[in-house]
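*Asks:* return a 3D structure for these sequence lines:
(4 chains)
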2 protein chains.
Amino acid sequence: MLNSYSTADKVLLAVDCIIFGFDEEGLKILLIKRDFEPEKGKWSLMGGFLKKEEVLDTAAIRVLNTYTGLQDIYMEQLYTYSEIDRDPVERTISVAYYALINIENHNAELIQNYHAKWFSVSEVPKLIFDHDNMLSHAIRRLRYRTSMRPVGFELLPEKFKMSQLLKLYESILDKEIDKRNFISKINSLDILIKLDEKDMTSSRKGSYLYTFDKEKYDAKLLNHFALNF
Amino acid sequence: MLNSYSTADKVLLAVDCIIFGFDEEGLKILLIKRDFEPEKGKWSLMGGFLKKEEVLDTAAIRVLNTYTGLQDIYMEQLYTYSEIDRDPVERTISVAYYALINIENHNAELIQNYHAKWFSVSEVPKLIFDHDNMLSHAIRRLRYRTSMRPVGFELLPEKFKMSQLLKLYESILDKEIDKRNFISKINSLDILIKLDEKDMTSSRKGSYLYTFDKEKYDAKLLNHFALNF
DNA sequence: TTTATTAGTGTAAAATGTACATTAAATTAA
DNA sequence: TTAATTTAATGTACATTTTACACTAATAAA
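*Replies:* Sure thing, here's the model as predicted:
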């Protein structure tokens, strides 16, 4: 019977969270060392089961918070994984979510956490279950998204140098980008505000700081701008 | 307990199928009239529950086949919907899938079916549950996808006129496209084979027929071509 | 042979993308 | 005080792509 609610199978539904961050060293991802079976001691994404009275988006937020202390992180649904043996203990379907966060802003929350740790995306250890697959899927999505619209908002501090933004793009897209072309392209989008302030920490000359102009950004989102680096 | 398999809630997991087709009249979508409760007699997507020993992709194929007789349709996962009350009978999470098919090729299968019917996307009736939402999400995805790579393959007959391909794009993107620019852009992709054959049914002059060059197409997919109409 | 209908074709101007090297500002060391 | 060092900031010429736009070609029917 295709449509009998009473006889239909019920399954475990999980969420897994892929959290991207960025700092001087480049693009990173947040992982936890499992302190429970199966695969205790191995690295994995933050995951947990959906509760009956809960929406997936909320479950993802709750799970992430439980493991990392991170609050109010907006995550986007990535894909739902349902391979029969993806979880060796019991048939579990998992809905993966991903988010971009600013590492500095959230360090306080993370420090008090037990086992969460940032890894460079280029040096991720072997993960449990199908988490490697989820991660590579998420990276692909992030790259794709980056080429469609600016992503810097979430990953950079409030005030940032142009060179940081450039480095962010280079990290995500994993390629070199011509500095002058990058700057003129970004400027042509007209979504940055150049501040009077300079950051003197890394050079004699100092470099101007910028912030995103959230209003202009939102207005332009509607016409979904594409960047072709 | 976040990670106890034994105490975690289990839920009903469904799949819903969004099937796009195209004919002389434009872009269409396949719906069924429900012959069971709830919402009996209303129009809906083809849906059914995931079985315990089944992968989502397979469930989508099975469900579609059950309602329409359609065979071997490759569907792509769209999104997973989990609003608490999306199904009034019981908490059900649904994974939506979508596919593009050639209406003519599959008419034989569909004719013998009871209640499935094609609707122009511009004249879709009110659907049950959150199926309207799924559909509009799918249309958005289709438009997006169309701007990233050619989609004609699946929706057109084996042999087609350039004007059909143009009309397909206009239907999906819901805007007029300049004929000359369209043709030269398509030709520059170098994925069509112009046949010696002409279709004389719609004009005195007759128009050349084309087929897709699957090999060239696949080769180019790797460099994901973007079309900006 | 004229008429009507759809198919098929090209070009010029504008916008965008790309490749590439020098000067500017400030600190530190001589 | 001057020179040397370091990173920041800027512009141009060329190639490519996109856009706007209108007439001729082929054929069948009248």
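*Asks:* what is the longest helix anywhere in chain A packed up against?
*Replies:* Ranked by number of residues, the top helix in chain A under DSSP state H is helix A:131-148. Packing contacts for helix A:131-148, counted by 3 or more Cβ pairs under 8 Å, 6 or more residues apart in numbering or on different chains; DSSP states H and E, involve strand A:10-23, strand A:76-81, strand A:92-100, helix A:162-173. Using the backbone N, CA and C atoms, a C-beta is placed for each residue, glycine as well.
*Asks:* wait, which of the ones you listed is closest to DNA strand C?
*Replies:* DNA strand C lies closest to helix A:162-173 among those, at 12.2 Å (Cβ to the nearest atom of the strand).
*Asks:* so that closest one versus strand A:10-23, what angle?
*Replies:* Per axes from the mean of the first three to the mean of the last three Cα atoms, to 10 degrees, the angle that helix A:162-173 makes with strand A:10-23 is 140 degrees.
*Asks:* close to DNA strand D, is helix A:162-173?
*Replies:* Yes. Helix A:162-173 reaches DNA strand D (Cβ under 7 Å from any atom of the strand) through A:162-163.
*Asks:* close to chain B, is that helix?
*Replies:* No. Judged by Cβ under 8 Å from any Cβ of the partner chain, helix A:162-173 makes no contact with chain B; its nearest approach is 13.7 Å.
*Asks:* what lies in contact with that helix?
*Replies:* Defining contact as Cβ atoms under 8 Å, 6 or more residues apart in numbering or on different chains, one finds that helix A:162-173 is touched by A:22, A:26-27, A:121, A:142-143, A:146-147, A:151-152, A:155-156, A:176-177, A:179, A:182-183, A:186, A:207-208, A:210, A:229.
*Asks:* filter the residues you listed down to the ones close to DNA strand C.
*Replies:* Restricting these to contacts with DNA strand C (Cβ under 7 Å from any atom of the strand) yields A:179, A:229.
*Asks:* mind putting the helices and strands packed on helix A:131-148 into a markdown table with mean neighbour count and mean pLDDT?
*Replies:* Shown next, in a markdown table, are the helices and strands packed on helix A:131-148 (neighbours: other Cβ atoms under 10 Å in any protein chain shown; pLDDT from 0 to 100):
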| stretch | mean neighbour count | mean pLDDT |
| --- | --- | --- |
| strand A:10-23 | 24 | 97 |
| strand A:76-81 | 19 | 98 |
| strand A:92-100 | 24 | 98 |
| helix A:162-173 | 19 | 95 |
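*Asks:* picking up where we left off before, so which of the contacts of helix A:162-173 belong to helices?
*Replies:* Per DSSP H, the contacts of helix A:162-173 map to helices at A:142-143, A:146-147, A:152, A:155, A:179, A:182-183, A:186.
*Asks:* make a ChimeraX selection of the buried ones in those residues.
*Replies:* The following ChimeraX command selects only the buried members of these, with burial defined by 16 or more other Cβ atoms under 10 Å in any protein chain shown:
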select /A:142,146,147,152,155,182,183,186
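*Asks:* quick check, nearest of the ones in helices among the contacts of helix A:162-173 to DNA strand C?
*Replies:* Of these, the one sitting nearest to DNA strand C (Cβ to the nearest atom of the strand) turns out to be residue A:179, at 6.4 Å.
*Asks:* for the closest one, what are its contacts?
*Replies:* Per Cβ under 8 Å, 6+ apart, neighbours of residue A:179: A:163, A:166.
*Asks:* and residue A:219, that's in a strand?
*Replies:* No. Counting by DSSP: H, G, I helix; E, B strand; the rest coil, residue A:219 is not part of a strand but helix.
*Asks:* what is the neighbour count of it?
*Replies:* If you count neighbours by other Cβ atoms under 10 Å in any protein chain shown, residue A:219 ends up with 11.
*Asks:* pull the contacting residues for residue A:48.
*Replies:* Contacts of residue A:48 by Cβ under 8 Å, 6+ apart are A:14-15, A:59, A:62-63, A:66, B:2-3.
*Asks:* show me which of those residues are buried.
*Replies:* A:14-15, A:59, A:62-63, B:3.
*Asks:* so what secondary structure elements neighbour the helix or strand of chain A with the lowest mean pLDDT?
*Replies:* Confidence across the helices and strands of chain A bottoms out at helix A:103-111, with a mean of 80, counting by mean pLDDT, DSSP states H and E. With contacts taken as 3+ Cβ pairs under 8 Å, 6+ apart, helix A:103-111 sits against strand A:10-23.
*Asks:* specify the angle between the strand it packs on and helix A:103-111 in degrees.
*Replies:* 130 degrees.
*Asks:* strand A:10-23: how far from the chain's middle?
*Replies:* Its chain's C-alpha centre and that of strand A:10-23 lie 10 Å apart, by Cα atoms, centre = their mean, to the nearest Å.
*Asks:* can you show me the CA trace of that strand as CSV?
*Replies:* C-alpha atoms of strand A:10-23 as CSV (Å, rounded to 0.1, in the frame of the first residue of the first chain):
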residue,chain,number,x,y,z
LYS,A,10,9.3,5.0,10.0
VAL,A,11,13.0,5.8,10.0
LEU,A,12,15.6,7.7,12.0
LEU,A,13,16.2,11.1,10.6
ALA,A,14,19.4,12.9,11.5
VAL,A,15,21.0,16.2,10.7
ASP,A,16,24.7,16.9,10.1
CYS,A,17,26.3,20.3,10.2
ILE,A,18,29.1,21.5,8.0
ILE,A,19,30.6,24.8,9.4
PHE,A,20,33.0,26.8,7.3
GLY,A,21,35.2,29.5,8.8
PHE,A,22,38.1,31.6,7.6
ASP,A,23,41.1,33.1,9.2
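*Asks:* so that strand, near chain B or not?
*Replies:* Yes. Contact of strand A:10-23 with chain B (Cβ under 8 Å from any Cβ) involves A:10-13.
*Asks:* tell me, which of the residues you listed make contact with DNA strand C?
*Replies:* Counting by Cβ under 7 Å from any atom of the strand, no member of those is near DNA strand C.
*Asks:* so what pairs up with the nearest residue to residue A:68 once chain neighbours are set aside in the strands?
*Replies:* Using Cβ to Cβ, 6 or more residues apart in numbering or on different chains and skipping residues adjacent in sequence, the residue nearest residue A:68 is residue A:116, 4.7 Å away. Counting by DSSP bridges, residue A:116 is bridged to residue A:32.
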